[in-house]
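**Q** mind folding the following:
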Amino acid sequence: MRIVLATRNVGKIRELGRILATALPDVELVGTEGFKELAEIEETETTFEANALLKAREVCRFTHLPAIADDSGLAVDHLGGAPGIYSARYSGIHGDDRANLEKVLAEMRGVVNRGAQFVCAAAFVAPNGYEKVLRAELAGQLIENPRGNNGFGYDPIFLPDGHGQTTGEMSADLKDSISHRGKAMRALVEQISGEKSRWE
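**A** The predicted structure is shown next:
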C-alpha cells in the first residue's frame, strides 16, 4: 500500500520518512514530487489543524491514495503566538528559512521572556472519507545566536526545555524522538494503525 506525504519540502520529507518508516514498515511512503500536475496547495485556513486537513484532503482527492499532511510552525509567547501558521512565510518569502529566522530574532532583540513552542498538527485522509487529525507541541526557549546546521527552519534558534542543544544541533534520531512533528506523527500513526479496517 502507498501513502502520499503531502509535501514537497525535502527536509520535511526526510524527517517524516524516518519517523513513519518504523511505524508503517509495510507501507510505501511517497512525496508529492511524483505528481507533477498537483498544484501547490495554498494554506488558507486559520489553524494548524485545518491547514493540515486541507492539504491531506486535496492530495488524497488528486491521487486517490491515502494522504498524510502536517502543518507546523513556531509559536513565540512574546509575539502572541506568531509566526504561528505563517512560520514558513513570516518574512514575506515562502520557504526562506534564513529570512524568517532573522525576522524572529530581530523582533525578539532585548526580550527577556523567550518562551516558545514548536507546534505540529498531523492529518490523515483516506479515499473513503476517513479522517484523523492530531496536534503535538514541543516547549522551549529561543536563543539569541543560531547554533547548529541540522534540521531546517527555526531549528538553530530553538532550545527545547530540558536539553542543552538546539534542535539544529541535535542528531536526527534525538530530534525525531522529542520533536513536535515526531510526537504528532507517531500518535497519528498509532491511531490510524488501530483503525486500519475503517480506511484500508
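
**Q** and the host helix or strand of Ala106, how far out from the chain's middle?
**A** Ala106 is part of helix 97-107 when elements are defined by DSSP states H and E. Averaging C-alpha positions (C-alpha atoms, centre = their mean, to the nearest Å) puts helix 97-107 18 Å from its chain's average.

**Q** run through who's touching it.
**A** 74, 76, 79, 83, 87-93, 142, 144, 146, 152-154, 156-157 (C-beta atoms under 8 Å, 6 or more residues apart in numbering). Just so you know, the C-beta spots here come from the backbone N, C-alpha and C atoms, and that holds for glycine as well.

**Q** now swap in stretch 82-94 and tell me
**A** 43, 45-48, 51, 71-76, 95, 99-100, 102-104, 119, 153-154.

**Q** can you list the buried residues in the least confident helix or strand in the chain by mean pLDDT?
**A** Every helix and strand of the chain was ranked by mean pLDDT, DSSP states H and E. The lowest is helix 10-23, at a mean of 76. By neighbour count on 16 or more other C-beta atoms under 10 Å, the buried set for helix 10-23 is 12-13, 15-16, 19-20.

**Q** which of the contacts of helix 97-107 count as buried?
**A** Buried among the contacts of helix 97-107 (16+ other C-beta under 10 Å): 74, 76, 79, 83, 87-88, 90-91, 142, 146, 152-154, 156-157.

**Q** closest to Thr32 among the residues you listed?
**A** Comparing these against Thr32 with C-beta to C-beta places Ala88 closest, at 15.6 Å.

**Q** what about that closest one, distance to Met108?
**A** Distance, Ala88 to Met108, using C-beta to C-beta, to the nearest Å: 18 Å.

**Q** got the buried residues for stretch 160-172?
**A** 160, 163, 166-170.

**Q** element containing the spatially most central residue of the chain, please.
**A** Compute the mean C-alpha point of the chain, and by C-alpha atoms, centre = their mean the closest residue is Ser72, 3.9 Å away. Using DSSP H and E, Ser72 falls within strand 67-76.

**Q** what is that strand packed up against?
**A** Applying 3 or more C-beta pairs under 8 Å, 6 or more residues apart in numbering; DSSP states H and E, we find strand 67-76 packed against strand 2-5, helix 10-23, helix 48-63, strand 115-125, helix 180-194.
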